[in-house]
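Peer 1: I need the structure of the sequence given here:
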Amino acid sequence: DRIKGKSLSMSLENLLFNADGVRVIQNEETDTDTLLSPTINAAIEHEQEEEAEIIKQIDATHETGFGSKGIGWVGGFCLLLNNVTGPGIVSLPIMFQQSGWIVPIVLMIIVTIVSSLAATMMVKAMSLVPGNSHFQSRVELAGLSKIFLPRPLYFLTLFLLVVSLMSLNVTSVIVSAQVADGALITIFNWTIGLVIYPFHKFGFHIEHSIGEGQNTPFGNDVIVISLGFLIVLAMTIPLGYFNLDDNIIVQVICVVIMLFIVLIIWSIDSVYAIAEDTSTGSVPVIGGWQNQLTVVGTILFNYAFVIAVPSWVNEKAPGVSINKSIWSSTICGTILFIVIGLLTGYAFQYLGDVQLLQVLTNQAEANISNAFLRWVIKLSVILFPVVTLLSSIPVFSIIIRYNLVESGYFGTNHANLWAVLFPWLFSVFFYAGSGLQIVIGWVGLFVNGFINFIIPILVYLYALRQQKRLRRMRKFAQAINEDDGIIIDQEIGVDFRVLPHWIAKKLPPFWIGITCIVGLSVAITATIIIDLVELIKYNNDVFAN
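Peer 2: I've put the predicted structure just below:
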């Protein structure tokens with residue numbers, strides 16, 4: 001399944017050695033080129049056959065129900081922005097209040113640059129796949145790792161990819177279901193759920209309010225299948241069976257509504273609370289060092305969009321600028337994060353596990369006397385999970401399905417089972433309590449950082465290394481067979497660049513990739529170790545008390 005550039009390159013080096021040996025004994029009647037040409041031609045033909053086999057495997061995926069190449073710039077921008085501003089956005093105000101504003105903003109800017117570079121580097125690797133220099137074929141992240149990475153790294157990539165997307169899906173389900181139950185209470189003054197655990201509470205429970213410090217009407221220490229959970233399930237599962245290009249109209253509508261909610265309604269509400277001295281929150285310049293430990297994981301979780309880029313590139317319309325789409329969406333997402341984190345952090349206080357959406361609802365009841373404005377705030381809280389969190393669930397399911405099918409180990413039906421249905425079964429156990437923060441923090445550190453940043457850059461570096469070998473081999477073969485009519489591409493994928501040419505001359509993307517991998521690996525590993533040490537110390541203190 002992979003281009004064996006190394007072995008082919010070594011065989012050509014042996015030919016050079018043998019050629020020198022032939023020249024030692026050659027005489028005037030011996031033509032070295034005629035002795036070498038058949039062997040070189042055989043090597044080139046072998047390489048071309050392997051490339052043709054890869055192209056055949058990639059093109060075969062078109063027969064398994066993938067989308068068409070019709071996503072325009074607006075659709076791509078909205079899709080990427082929706083992936084950047086996913087479920088973790090509701091955790092930003094708490095992060096700003098606990099960690100201060102300097103560290104999160106600096107890290108957001110750094111991660112914006114690194115994530116955008118990781119995405120464009122992975123796209124460059126896609127263009128280096130034989131027969132895909134203009135993205136005319138199809139290859140997902142799983143296919144890229146299968147082509148360019150060693151086999152153990154390929155299986156690791158496939159595993160991390162599925163786990164990462166599953167965690168994003170689970171979190172989206174949790175937040176959407178919690179807000180759906182809150183909306184039912186706001187509108188109808190009740191919601192119902194089947195409590196499974198603890199066993200002495202087993203049965204149907206009707207709740208009329210959400211207690212202070214509680215995420216759900218049923219408490220924080222239960223396993224429950226609620227009515228809100230079932231409503232979200234019924235709305236999203238059908239969309240998960242569609243293709244990516246079929247979901248673009250939903251993405252566009254959702255992004256427009258989301259921007260209106262966040263930049264107009266919530267921003268005005270926060271500014272009003274600050275101006276009227278009804279604000280209860282505060283954002284320090286920098287928080288305690290112990291509060292900085294979760295910042296990296298939370299921010300990485302919010303920028304976990306890179307793994308969705310190959311699916312978008314495969315179905316984007318010809319002529320859509322990849323660099324403009326990626327950079328504009330990440331920059332807009334960062335601005336949105338900073339605005340919502342600062343304003344809602346200064347305006348409101350967050351106790352326990354309570355998220356932004358519940359705080360907005362509570363403060364509207366307590367501090368806004370105008371009935372219409374209070375209704376607008378509550379409506380925005382109800383719509384937000386529908387237009388952002390809810391819209392991301394089908395996309396993650398589609399990307400999981402695409403990669404599982406392309407791996408060759410799953411048929412479409414089995415892939416749909418794992419991609420569409422399994423996240424809902426798993427989400428039941430994290431619906432209540434602090435499970436959301438645990439998923440965001442730990443999966444963000446252990447999985448999302450590696451699969452969204454390190455693996456894409458690693459694929460890019462392996463692809464460049466392989467391209468260099470093939471180009472060296474082809475140039476040598478062309479020099480010997482220049483009259484044999486062999487057609488050889490001297491550069492693959494030249495139409496797409498990671499950076500503008502004038503920047504790449506001073507800052508080669510290859511060394512930028514190496515620097516990013518080293519820096520990210522150190523940062524992620526150090527944060528994981530620190531978090532584990534703090535967790536052990538906390539558990540020891542609890543046990544001692």
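
Peer 1: which helices and strands does the longest strand seen in the chain pack with?
Peer 2: When the chain is parsed with DSSP state E, its longest strand is strand 191-197. If contacts are counted by 3 or more Cβ pairs under 8 Å, 6 or more residues apart in numbering; DSSP states H and E, strand 191-197 sits against helix 151-188, strand 203-207, strand 223-226, helix 227-240. C-betas here are computed from N, CA, C, even on glycine.

Peer 1: tell me which residues in the longest one are buried?
Peer 2: For helix 151-188, a neighbour-count test (16 or more other Cβ atoms under 10 Å) marks 153-154, 156-158, 160-162, 164-186 as buried.

Peer 1: Just the CA atoms of the longest strand of the chain, as CSV, please.
Peer 2: Only the C-alpha atoms of strand 191-197 are listed here, as CSV (Å, rounded to 0.1, in the frame of the first residue of the first chain):
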residue,chain,number,x,y,z
THR,A,191,-38.7,17.4,31.6
ILE,A,192,-38.6,13.7,32.1
GLY,A,193,-35.8,11.1,32.2
LEU,A,194,-35.2,7.4,32.9
VAL,A,195,-32.7,7.2,35.7
ILE,A,196,-30.5,4.1,35.4
TYR,A,197,-28.0,4.7,38.2
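
Peer 1: model confidence over that strand, on average?
Peer 2: Averaged across strand 191-197, pLDDT comes to 92.

Peer 1: Tell me the gap between the helix or strand hosting residue 373 and the middle of its chain.
Peer 2: Using DSSP states H and E, residue 373 sits within helix 371-384. How far helix 371-384 lies from its chain's middle: 30 Å, per Cα atoms, centre = their mean, to the nearest Å.

Peer 1: ok, now stretch 83-99?
Peer 2: On Cα atoms, centre = their mean, the centre of stretch 83-99 falls 16 Å from the chain's centre.

Peer 1: Apart from its chain neighbours, what residue comes closest to the most centrally placed residue in the chain?
Peer 2: With distances taken as Cα atoms, centre = their mean, residue 305 lies nearest the centre of the chain, 2.7 Å away. Counting by Cβ to Cβ, 6 or more residues apart in numbering, residue 305 lies nearest to residue 83, which is 3.8 Å off, once chain neighbours are set aside.

Peer 1: Please enumerate the helices of the stretch 301-450 of the chain.
Peer 2: 309-315, 322-347, 356-367, 371-384, 390-407, 412-416, 422-427, 435-438, 449 (DSSP state H, counting those that start in this stretch).

Peer 1: list the helices and strands the second one packs on?
Peer 2: The one in question is helix 322-347. By 3+ Cβ pairs under 8 Å, 6+ apart, helix 322-347 packs against helix 73-84, helix 92-99, helix 102-127, helix 267-275, helix 309-315, helix 356-367.

Peer 1: picking up where we left off before, can you say which of the helices and strands packed on strand 191-197 is nearest to residue 128?
Peer 2: Of all those, helix 151-188 sits nearest to residue 128, with 16.4 Å by Cβ to Cβ.

Peer 1: tell me the angle that closest one makes with helix 371-384.
Peer 2: Helix 151-188 runs at 150 degrees relative to helix 371-384, counting by axes from the mean of the first three to the mean of the last three Cα atoms, to 10 degrees.

Peer 1: okay, the angle between helix 151-188 and strand 203-207?
Peer 2: Taking the same axes, to 10 degrees, one finds that helix 151-188 is oriented at 60 degrees with respect to strand 203-207.

Peer 1: mean confidence for helix 151-188?
Peer 2: pLDDT averaged over helix 151-188 gives 84.

Peer 1: what sits up against the helix holding residue 373?
Peer 2: Applying Cβ atoms under 8 Å, 6 or more residues apart in numbering, the external contacts of helix 371-384 come out as 179, 182-183, 186-187, 257-258, 261-262, 265-266, 269, 357, 360-361, 364-365, 368.

Peer 1: Could I have the buried ones of these as PyMOL selection syntax?
Peer 2: Buried members of those, defined by 16+ other Cβ under 10 Å, are picked up in PyMOL with:
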select buried, resi 179+182+183+186+257+258+261+262+265+266+269+357+360+361+364+368
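
Peer 1: picking that back up, wait, what's in contact with the residue nearest to the centre of the chain?
Peer 2: 80, 83, 84, 86, 115, 119, 329, 330, 452.

Peer 1: do the same with residue 342
Peer 2: 96, 101, 283 are the contacts of residue 342 under Cβ under 8 Å, 6+ apart.

Peer 1: Among those, which one is most surrounded by other residues?
Peer 2: Compared across the contacts of residue 342, residue 96 has the highest neighbour count, 29 neighbours, by other Cβ atoms under 10 Å.

Peer 1: Let me have the helices and strands packed on strand 191-197 in TSV, adding distance to residue 66 as columns.
Peer 2: Listed next are the helices and strands packed on strand 191-197 as TSV, based on distance: least, Cβ to Cβ, whole Å:
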stretch	distance to residue 66
helix 151-188	17
strand 203-207	42
strand 223-226	33
helix 227-240	15
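
Peer 1: what's the helix or strand for the closest residue to residue 148 other than its chain neighbours?
Peer 2: Leaving aside its sequence neighbours, residue 148 sits nearest to residue 462 (Cβ to Cβ, 6+ apart; 4.3 Å). Using DSSP H and E, residue 462 maps to helix 455-480.

Peer 1: Now do the buried residues in the helix or strand where residue 254 lies.
Peer 2: Using DSSP H and E, residue 254 sits in helix 248-260. Of the residues in helix 248-260, 248, 250, 251, 252, 254, 255, 257, 258, 259 count as buried by neighbour count, 16+ other Cβ under 10 Å.

Peer 1: again, but for stretch 131-138
Peer 2: Under 16+ other Cβ under 10 Å, the buried positions of stretch 131-138 are 131, 132, 133, 135, 137, 138.

Peer 1: again with stretch 374-385
Peer 2: Counting neighbours by 16+ other Cβ under 10 Å, one finds that the buried residues in stretch 374-385 are 374, 376, 377, 378, 380, 381, 382, 383, 384, 385.

Peer 1: residues contacting residue 244?
Peer 2: Applying Cβ under 8 Å, 6+ apart, the residues near residue 244 are 67, 71, 79, 311, 312, 315, 395, 398, 399, 402.

Peer 1: circling back to that earlier point, how close does the residue nearest to residue 148 sit to residue 427?
Peer 2: Counting by Cβ to Cβ, to the nearest Å, the separation of residue 462 from residue 427 is 35 Å.

Peer 1: Chain neighbours aside, what residue packs nearest to residue 303?
Peer 2: residue 115 (4.5 Å).

Peer 1: and that neighbour, how far is that from residue 301?
Peer 2: Distance, residue 115 to residue 301, by Cβ to Cβ: 12 Å.

Peer 1: The buried residues of helix 248-260 into TSV, with extra columns for distance to residue 507?
Peer 2: Below are these laid out as TSV (distance: Cβ to Cβ, whole Å):
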residue	distance to residue 507
248	34
250	38
251	33
252	35
254	36
255	32
257	39
258	35
259	33
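
Peer 1: These into JSON lines, with extra columns for distance to residue 274 and pLDDT?
Peer 2: JSON lines is the format used below for the buried residues of helix 248-260 (distance: Cβ to Cβ, whole Å; pLDDT from 0 to 100):
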{"residue": "248", "distance to residue 274": "37", "pLDDT": "93"}
{"residue": "250", "distance to residue 274": "34", "pLDDT": "91"}
{"residue": "251", "distance to residue 274": "32", "pLDDT": "92"}
{"residue": "252", "distance to residue 274": "32", "pLDDT": "94"}
{"residue": "254", "distance to residue 274": "28", "pLDDT": "91"}
{"residue": "255", "distance to residue 274": "27", "pLDDT": "92"}
{"residue": "257", "distance to residue 274": "25", "pLDDT": "92"}
{"residue": "258", "distance to residue 274": "23", "pLDDT": "90"}
{"residue": "259", "distance to residue 274": "21", "pLDDT": "91"}
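
Peer 1: least trustworthy helix or strand in the chain by mean pLDDT?
Peer 2: Lowest by mean pLDDT, DSSP states H and E among the helices and strands of the chain is helix 5-25, with a mean of 37.

Peer 1: related to what we said a few turns ago, among the buried residues of stretch 374-385, find me the one that's closest to residue 226.
Peer 2: residue 385 (13.9 Å).

Peer 1: This completes my enquiry, with thanks.
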